[in-house]
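In: quick one: sequence plus predicted model below, questions after.
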Number of protein chains: 2
Amino acid sequence: MRSISNDRTTRAVIRDEALRLFAAHGPDAVTVRQIATAAGVSPGLVIHHFTSKEGLRDAVDQHVLATFEVMLGEMTTGAGPELFDPAATGSLTELMATHLPPASPIPDYLRRLLLSDTEASRVLFRRLFDVSQATLAALAQAGLASPGRDPAVRAALLLANDLAVLLLRDRLADALGVDPLSREGMARWAGELLTIYGAGLLAPPDSGQISNEHEGERP
Amino acid sequence: MRSISNDRTTRAVIRDEALRLFAAHGPDAVTVRQIATAAGVSPGLVIHHFTSKEGLRDAVDQHVLATFEVMLGEMTTGAGPELFDPAATGSLTELMATHLPPASPIPDYLRRLLLSDTEASRVLFRRLFDVSQATLAALAQAGLASPGRDPAVRAALLLANDLAVLLLRDRLADALGVDPLSREGMARWAGELLTIYGAGLLAPPDSGQISNEHEGERP
DNA sequence: ACAAAGATTGAACGGCTGTTTAGAGTAATA
DNA sequence: TATTACTCTAAACAGCCGTTCAATCTTTGT
């Protein structure tokens, strides 16, 4: 049956449609019937596969966590160029823009997940915090950044600043006229972040970037 | 009837209980009956005063927005000392910690509001963004900060970094063992933020603070 | 080919939701 | 005091919710 252009299990289809709807409207605002319709099945089948709506939520959480584990794994594996870029300190934003399709529901889902007071939320944040701490330590070892007087707080601050773009995406897109997760948005954001991380708020533009390809800019 | 230790209108009591419950569990997870019980009235009366549950949400939104308008007004009025502190760039965090009781539901409500895709959310963020832009311009005029190559993005970045503490409060408290909105948490957070905003990530500890009372630290 | 197991459906059930309605108490007006 | 207006309640209503159930259709194992 599921042969032409569809090799996903029905279970996976339901899970993915739930992810999409949960990301767009929040789990509480989405009904089992809506998920079933979106997946082209009956409401009973959704329950049959996931026992309950909360079971479905858990399955979606687990799937998203696994996706992130893969992304984080690829990051620490293929590391190298971003080590010379203080702003790419495990930049979640860039990581997602690179590894995820442009219309992926995962950023929106992550936004809700991180603010949801669930176990999955705590586990994910803890993981991101550990990565942030490790990255800061590595940068310090390489002499590219100071660990600061309070390394744990500094690592948390860098992580929070990174996540802020994700969490406030819609509001920022409104205010700036550019989606901060788009190519142009990320470039403009990173430009300011690099300057500040490089030499502080008083620094003149164009300081801070350690390796900029051409310095042809001259207004 | 409402005389001893209660000069609030019944309407106001309902509104405040709704604010408290909405902040704690989210508007969708709270029922009209729960609000009515918390306020000590019948469910019908809640509807009678606010027409519908959504009307109640709007009233709460409006009340929170008005509260913030007052706080922002007091900020720009009593300005002065914080102008010399680049990190206090309209610091929402500090503003709320100062003007709100420690158990106020408003921080939690704000967190949900800013991510809710409602008109109130857009209005509030736009207002905060304008304040951030104005503050950055004032700091630049005073020679205390550079407006950056992209002033709008820089103002948005400073605002987002400020709001991040609020949005991720629970997760940060988990990871750091300190509520970042508590006195100790704010002090530690501001310490790192001042250093980075002062001279960047490479700066040694204790640079960046323009007016630190004693420099007795020497490890 | 036959039987067992699993996938799937349509209809139904009880419970909870926001809201309505009719009416009882209470204060203000005249 | 009679009337009007307002606050408030108890009960009920219709609708939607997650979930269950019995019965089919489809696949798998032997």
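Out: Yep, that arrived.

In: for chain A, longest helix please?
Out: For chain A, the longest helix by residue count, based on DSSP state H, is helix A:53-77.

In: against which helices or strands is the very next helix or strand once past that one packed?
Out: Proceeding N to C from helix A:53-77, the next assigned helix or strand is helix A:92-99, under DSSP states H and E. Helices and strands touching helix A:92-99, as assessed by 3 or more C-beta pairs under 8 Å, 6 or more residues apart in numbering or on different chains; DSSP states H and E, comprise helix A:53-77, helix A:106-114, helix A:151-167, helix A:183-199. For glycine as for every other residue, the C-beta is placed from the backbone atoms N, C-alpha and C.

In: which strands and helices lie in contact with the shortest one?
Out: Read it as helix A:106-114. If contacts are counted by 3+ C-beta pairs under 8 Å, 6+ apart, helix A:106-114 sits against helix A:10-25, helix A:53-77, helix A:92-99, helix A:119-141, helix A:151-167.

In: repeat that for 10 Å
Out: Taking 3 or more C-beta pairs under 10 Å, 6 or more residues apart in numbering or on different chains; DSSP states H and E as the contact definition, the neighbouring helices and strands of helix A:106-114 are helix A:10-25, helix A:53-77, helix A:92-99, helix A:119-141, helix A:151-167, helix A:169-176.

In: just the angle for that helix relative to helix A:53-77, thanks.
Out: Orientation note: helix A:106-114 sits at an angle of 110 degrees relative to helix A:53-77 (axes from the mean of the first three to the mean of the last three C-alpha atoms, to 10 degrees).

In: which stretch of helix or strand covers the closest residue to DNA strand C within chain A?
Out: Ranking the residues of chain A by distance to DNA strand C (C-beta to the nearest atom of the strand) places A:Gly44 first, at 3.0 Å. If you go by DSSP H and E, A:Gly44 is part of helix A:43-50.

In: is that helix positioned near DNA strand D?
Out: Yes. Applying C-beta under 7 Å from any atom of the strand, one finds helix A:43-50 in contact with DNA strand D at A:Pro43, A:Gly44, A:Val46, A:Ile47.

In: that helix - contacts with which helices or strands?
Out: Based on contacts counted as 3+ C-beta pairs under 10 Å, 6+ apart, the elements that helix A:43-50 packs against are helix A:10-25, helix A:32-39, helix A:53-77.

In: and it, C-alpha only, in PDB?
Out: Below are the C-alpha coordinates for helix A:43-50, written out as PDB (Å, rounded to 0.1, in the frame of the first residue of the first chain):
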ATOM      1  CA  PRO A  43      -9.000   9.100  15.400                       C
ATOM      2  CA  GLY A  44      -9.100   5.700  16.900                       C
ATOM      3  CA  LEU A  45      -6.000   4.600  15.000                       C
ATOM      4  CA  VAL A  46      -4.000   7.500  16.500                       C
ATOM      5  CA  ILE A  47      -4.900   6.200  20.000                       C
ATOM      6  CA  HIS A  48      -4.200   2.600  18.900                       C
ATOM      7  CA  HIS A  49      -0.700   3.500  17.900                       C
ATOM      8  CA  PHE A  50       0.200   5.800  20.800                       C
END
